[in-house]
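Asks: generate a structure from the sequence data that follows.
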Amino acid sequence: MSTAVAAPFRFFSLHVVRTERLGPSLVRVSFAGDDLAGFHSDGCDQSLSLFLPHPGQEAPVVPVELGEDWWKGWMALPGDVRAVMRSYTLRSLRRDPDEIDIDFVLHGVEPDSATPAGPASRWAAQASPGDRVLVLGPAVADNRAIRFRPPEDTDLVVLWGDETALPAIAAILESLPAGQRARVWLEAHYPGNVLDLASEADAEVTWLIREHDHATESPLALSALRDAQLPPAEHPYVWIAGESGSVKALRRHFVGERGIDRRRVTFVGYWRHGLTEEQLREQGE
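Replies: Model prediction:
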């Protein structure tokens, strides 16, 4: 199989080495593989594409030639055969040995769940050492799939995210230097998903526990942010990511209500309520 793709991204053949349950609906999967020697990223919110096998398949099915036209070849395969593709954020990259971690939010895997689990949740809930995957990830450390880029003059970092943004926010907090002020809001579905986040920064983290599973927008977050008194700052930088409706509502709050320069607000919709990733791709979102 040819795995070359035009820089700065390429395909990596990986396998599971271990899993760790972080909370009732959070699981960390660690991957390794010889290809990871060419995996490079200096970003805190590095996004990548994960290709998973369907049940009964030993490995994800992709075109034999994974060059620049891999997308057309992948789409030409039957839907129930071609690998399931999902977007994720890199949690961590380690060397000696080369490994990466990806944290999964599990939805619908509980026996009494009213919402059926998606293919990625089902796979992650049952992942075990040796399971094979394919990752389309960065071969260049500084690439366009990194969004967290605070200007050098930033004197306050403001972060919001739901559980899908937790890996990025955890990595961002770990990267902030001592003395950097940061105010963080994180939404979780269960108290057991609240994690201790390490940071040398002057960081204040507020967890918001959502009583209902889904919402098209986030009144919980909007209420918390509107009531919050941010420290005085001449050059704040805001990073918000998660469900698209919530992200858009919060961006309006920061730009429209708080008057923060829109060029200093980074917003990323990781998912959208009621739509699968396939449906989002069809809509061009």
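
Asks: which stretches of the stretch 1-150 of the chain form strands?
Replies: Assigned by DSSP state E, counting those that start in this stretch, the stretch 1-150 of the chain shows strands spanning 9-23, 26-32, 47-52, 84-94, 99-105, 132-138.

Asks: tilt between the shortest one and strand 99-105?
Replies: Angle between the axes of strand 47-52 and strand 99-105 is 80 degrees (criterion: axes from the mean of the first three to the mean of the last three C-alpha atoms, to 10 degrees).

Asks: strand 47-52 pairs with which strands?
Replies: strand 84-94 (antiparallel), strand 132-138 (antiparallel) (DSSP bridges).

Asks: let me have those in JSON lines, adding distance to Asp227 as columns.
Replies: From N, CA and C alone the C-beta is placed, and that goes for glycine too. Below are these laid out as JSON lines (distance: least, C-beta to C-beta, whole Å):
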{"stretch": "strand 84-94", "distance to Asp227": "28"}
{"stretch": "strand 132-138", "distance to Asp227": "39"}
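
Asks: closest to Ile260 out of those?
Replies: Ile260 lies closest, by C-beta to C-beta, to one member of these: strand 84-94, at 23.6 Å.

Asks: ok, residues contacting stretch 239-249?
Replies: Stretch 239-249 is contacted by residues 45, 147-148, 150, 157-165, 168, 172, 187, 215-218, 221-222, 250-251, 254, 265-273, 285 when judged by C-beta atoms under 8 Å, 6 or more residues apart in numbering.

Asks: swap in stretch 87-101?
Replies: 14, 17, 28-33, 36-37, 39, 41, 43, 45-50, 102-104, 135, 137, 164-165, 167-168, 170-171, 270, 277.

Asks: can I get that stretch in CSV? Just the C-alpha atoms.
Replies: This file holds the C-alpha atoms of stretch 87-101, laid out as CSV (Å, rounded to 0.1, in the frame of the first residue of the first chain):
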residue,chain,number,x,y,z
SER,A,87,-12.2,13.6,12.9
TYR,A,88,-10.4,13.8,16.2
THR,A,89,-7.9,15.9,18.1
LEU,A,90,-4.5,14.6,19.1
ARG,A,91,-4.2,14.4,22.8
SER,A,92,-0.5,13.7,23.0
LEU,A,93,2.5,12.6,21.0
ARG,A,94,5.4,10.7,22.7
ARG,A,95,8.8,9.5,21.5
ASP,A,96,11.0,6.6,22.5
PRO,A,97,8.7,4.7,21.8
ASP,A,98,6.7,6.6,19.3
GLU,A,99,3.0,6.7,20.4
ILE,A,100,0.0,9.0,20.1
ASP,A,101,-3.1,9.2,22.3
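
Asks: wait, which of the strands paired with strand 47-52 is closest to Ala228?
Replies: That would be strand 84-94 among the strands paired with strand 47-52, by C-beta to C-beta, at 24.8 Å.

Asks: ok now that closest one, how far from the chain's centre?
Replies: Distance, stretch centre to chain centre, for strand 84-94: 7 Å (C-alpha atoms, centre = their mean, to the nearest Å).

Asks: done for today, thanks.
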